[in-house]
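Enquirer: Generate a structure from the sequence data that follows.
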Amino acid sequence: MPRALLLRDVTLLALRLDRLVPGLLDGPVADVTLRRHVADESVPDPLVLSRQAERLIRELPDAGLSPRRERYVAAQLRALDCRIRIVTGEHVPFAEEVLASYGVPPRAGDPDVYREAHRRLGELLPGAGPLAGRMAEYRDCDRIPPERLVDAVAAMTAEMRRRTGQLVSLPAGEAVEHDVVPDRPWTAFTRHLGGHRSRIAVSGGSRLRRGQLLPLVVHEAYPGHHTQYCRSAAAAAERPEMRLRLVHSPQGLLAEGMADAALDVLPGPGWGAVAQQVLDDVGLAVDGALAEEVESALTMLGRVRQDAALMRHRDGAGPDEVAAHLSRWLIVDDGRARRMLSFLDHPQWRSYATTYAEGRPLVAAWLARPGTDPVANLRSLLDEPVTPADLQRDLERVGAAPVLGGTAGGSTG
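Expert: Modelled structure (predicted):
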């Protein structure tokens, strides 16, 4: 099958599956004609979609794509096929779901790393007494007052947009809108609206902290998700497979990993001083150096939520045991832990913690690999269709330690 027809059929498959699993697509498909065509169809039969996925997987090698582009499309098709299997009622074991969806095996974290993070926090946080109480007090003091939230987000977004535009070209007319929404189980969520515009919803119940704000804006907007949407739309002129963005896919894992790890490049080390200046300008005091140190220590706890998902869905642990794990290592109260658990228990989102737990360390290592320019690497990751296994192979070529479980030549593609 010619590549244009095959890529069109992959998009049609995703649009049809999105009717059965709303939220499968990360932003609207650019081809309005295809969207209208699928919207006018009857509700799809998942068994028919399964056969379509199998056909496309068989025909992909004959489409004439380069090896890297073919691996990218194959990974998207495996992810779609996994969602179809779940929709048809097939029991897909948790680890298999993660591997098929994101192209990586889920790995439990190391409690010694968590203990080291707690030790660092114990040295950083003011006061005396148990770490949990000091962490709670720090979070309370660091919280952005609700009435100042919109101004703080807007100011930080403007600063990071300016800095991103100096290093990564942004299309004319791109823009980000902000909304504060009622309490949600997440802190913020970016929805691409098309036309180089995105809306960032911030949960009013998230108790967003000043020290969190710059990393959050980097993640959601500049140079994170909003910038990803804009750049992938431009890259799609030569690589049309990049027009299709799937939430549960290897591309989704790299999107979350890049949105987190981009902080290491832009603004880079010393970002606390940038955050302090921006917040000072809107009348919010913060110790930027302390905030950067605290957030760095908290990053070491990045696999705790994946631990919880493995305990719950692979090992069959009960909600009390899982909530206790979250509460202990993330240093949060039981109520906050159970809010996290509600997200991990959602059938559509139960495996999503892997995108952060495995995505950030992989992308961070790839951006910083020896002999390369991190800014150029960031641009490449925004513009090229790659899989986690591609990044792992690149790391192996420069002798870097493996980041993913297994090897790049295995089934993690």
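
Enquirer: Strands of the protein, residue ranges please.
Expert: Secondary structure of the chain (DSSP state E): strands located at 175-181, 188-194, 197-203.

Enquirer: Could you say which of these is packed most deeply?
Expert: Each of the strands of the chain was scored by mean neighbour count; the highest is strand 197-203, a mean of 19, by mean count of other C-beta atoms under 10 Å. For the C-beta atoms, the positions are set from N, CA and C on the backbone; glycine is no exception.

Enquirer: what about this protein, any weak spots by pLDDT?
Expert: Across the chain, residues meeting the criterion (pLDDT under 70) sit at 185, 205, 402, 404-413.

Enquirer: List the residues that contact His196.
Expert: Under the criterion of C-beta atoms under 8 Å, 6 or more residues apart in numbering, the contact partners of His196 comprise Pro171, Gly173, Glu174, Ala175, Tyr229, Cys230, Ala233.

Enquirer: Take these and keep only those in helices.
Expert: Residues from the contacts of His196 lying in helices, with DSSP state H as the criterion: Tyr229, Cys230, Ala233.

Enquirer: what would those look like in JSON lines with neighbour count and distance to Glu90?
Expert: Rendered in JSON lines, the data for those read as follows (neighbours: other C-beta atoms under 10 Å; distance: C-beta to C-beta, whole Å):
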{"residue": "Tyr229", "neighbour count": "24", "distance to Glu90": "32"}
{"residue": "Cys230", "neighbour count": "24", "distance to Glu90": "37"}
{"residue": "Ala233", "neighbour count": "20", "distance to Glu90": "34"}
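
Enquirer: about what we covered before: I'd like the strands of the chain laid out as a markdown table, including distance to Asp260.
Expert: What follows is these, written out as a markdown table (distance: least, C-beta to C-beta, whole Å):
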| stretch | distance to Asp260 |
| --- | --- |
| strand 175-181 | 18 |
| strand 188-194 | 13 |
| strand 197-203 | 16 |
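
Enquirer: among those strands, which is nearest Arg107?
Expert: strand 188-194 (26.1 Å; C-beta to C-beta).

Enquirer: Count the neighbours of Arg379 for me.
Expert: Taking other C-beta atoms under 10 Å as the neighbour definition, Arg379 ends up with a count of 16.

Enquirer: Could you find the closest non-adjacent residue to it?
Expert: Val168 (5.9 Å; C-beta to C-beta, 6 or more residues apart in numbering).

Enquirer: Could you report the separation of that neighbour from Gly316?
Expert: According to C-beta to C-beta, to the nearest Å, Val168 stands 45 Å off from Gly316.

Enquirer: Ok, His118 next?
Expert: With the distance defined as C-beta to C-beta, His118 ends up 27 Å from Gly316.

Enquirer: Arg83 now?
Expert: Plainly put, Arg83 is 23 Å away from Gly316 if you go by C-beta to C-beta.

Enquirer: quick one: which of these two has more around it?
Expert: With neighbours defined as other C-beta under 10 Å, Arg83 and Gly316 compare such that Arg83 has more, 27 against 8.

Enquirer: what sits against that one?
Expert: Residues near Arg83 by C-beta under 8 Å, 6+ apart: Leu17, Val21, Leu24, Ser101, His248.

Enquirer: Can you add neighbour count and give those residues back as TSV?
Expert: TSV is the format used below for those (neighbours: other C-beta atoms under 10 Å):
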residue	neighbour count
Leu17	23
Val21	19
Leu24	20
Ser101	28
His248	27
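
Enquirer: Widest-spaced pair of these?
Expert: Spanning the widest gap among those are Leu17 and Ser101, at 12.9 Å by C-beta to C-beta.

Enquirer: count of neighbours near Trp186?
Expert: For Trp186, the tally of surrounding residues (other C-beta under 10 Å) stands at 13.

Enquirer: Okay, and the beta partners of the closest residue to His225 other than its chain neighbours?
Expert: Using C-beta to C-beta, 6+ apart and skipping the chain neighbours, the partner closest in space to His225 is Thr190 (4.3 Å). Beta-bridge pairing of Thr190 under DSSP bridges involves Ile200.

Enquirer: hmm, back to that, close enough to count as contact, the residue nearest to Arg379 and Leu381?
Expert: No: in terms of C-beta atoms under 8 Å, Val168 does not count as a neighbour of Leu381; the distance is 10.7 Å.

Enquirer: circling back: let me know the closest of the contacts of His196 to Pro61.
Expert: Proximity of these to Pro61 (C-beta to C-beta) peaks at Ala233, which lies at 27.4 Å.

Enquirer: I'd assumed Val29 was in contact with that closest one.
Expert: No: contact criterion C-beta under 8 Å: Ala233 and Val29 do not qualify, at 11.2 Å.

Enquirer: which residues are common contacts for those two?
Expert: Between them, Ala233 and Val29 share the contacting residues Arg243, judged by C-beta under 8 Å, 6+ apart.

Enquirer: Stretch 52-65: which residues count as buried?
Expert: The neighbour-count criterion (16 or more other C-beta atoms under 10 Å) identifies Gln52, Ala53, Leu56, Leu60, Ala63, Leu65 as the buried residues of stretch 52-65.

Enquirer: gap between the third one and Arg19?
Expert: In other words, Leu56. Distance check for Leu56 against Arg19: by C-beta to C-beta, it reads 18 Å.

Enquirer: same question, the fifth one
Expert: Spatial separation of Ala63 from Arg19 under the definition C-beta to C-beta is 25 Å.

Enquirer: if I pick the residue nearest to the spatial centre of the chain, what's in contact with it?
Expert: Centroid check for the chain by C-alpha atoms, centre = their mean gives Glu256 as the closest residue, at 2.0 Å. Contact partners of Glu256, counting by C-beta under 8 Å, 6+ apart, are Thr355, Tyr356, Gly359, Arg360.

Enquirer: what do you get if the cut-off is 7 Å, keeping everything else the same?
Expert: Shown in contact with Glu256 (C-beta atoms under 7 Å, 6 or more residues apart in numbering): Thr355, Tyr356, Gly359.
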